[in-house]
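Participant: Just the structure for this:
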Amino acid sequence: MQNYRDNMAKFREANTQVLGISVDSFASQKEFAKQNGVEFPLLSDFPKRDVSRAYGILDEERGIAIRTTFVVDKQGKITSIEQGNSAINVTGALTACDALK
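Facilitator: Just a heads-up that it's a prediction; the model follows:
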């Protein structure tokens, strides 16, 4: 999340809305945002984990979501998916957002 926080100007230039979502509670999300200076919206998929399940990124056995970045266009179509370490690095997401201009 910090990489996204640190690159918000670039996402704004790409006319992009950044959202974070996790299977953590709203209270946990609020504290995380406060501690890390995150100003974009953080959403909670707790307790049912329906969103993570619907997007196919829920590890049912461990009850966690696989770290994933989705770029969604204005029509709601997913145009880019990155998982794992590449989801942490903003380069792929920024490239995908720039391509939507």
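
Participant: what helix or strand is S52 on?
Facilitator: helix 50-54 (DSSP states H and E).

Participant: Pull out the CA atoms of that helix and give them to me as PDB.
Facilitator: Taking C-alpha atoms only, helix 50-54 is exported to PDB below (Å, rounded to 0.1, in the frame of the first residue of the first chain):
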ATOM      1  CA  ASP A  50     -17.400 -12.400  -0.800                       C
ATOM      2  CA  VAL A  51     -15.400  -9.900  -3.000                       C
ATOM      3  CA  SER A  52     -12.200 -11.900  -2.700                       C
ATOM      4  CA  ARG A  53     -14.000 -15.100  -3.500                       C
ATOM      5  CA  ALA A  54     -15.800 -13.500  -6.500                       C
END
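
Participant: Flag every buried residue along it.
Facilitator: Within helix 50-54, the residues scored as buried using 16 or more other Cβ atoms under 10 Å are 51-52. For every residue, glycine as well, the C-beta is placed using N, CA and C.

Participant: just stretch 16-27 next, same as before
Facilitator: 16, 18, 20-24.

Participant: Repeat that for stretch 62-75.
Facilitator: So for stretch 62-75, counting by 16+ other Cβ under 10 Å, buried means 65, 68-71.

Participant: Is it possible to get CSV of those that adds distance to A96, secondary structure and pLDDT?
Facilitator: Listed next are the buried residues of stretch 62-75 as CSV, based on distance: Cβ to Cβ, whole Å; DSSP: H, G, I helix; E, B strand; the rest coil; pLDDT from 0 to 100:
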residue, distance to A96, secondary structure, pLDDT
A65, 20, strand, 97
T68, 13, strand, 98
T69, 9, strand, 98
F70, 9, strand, 97
V71, 4, strand, 97
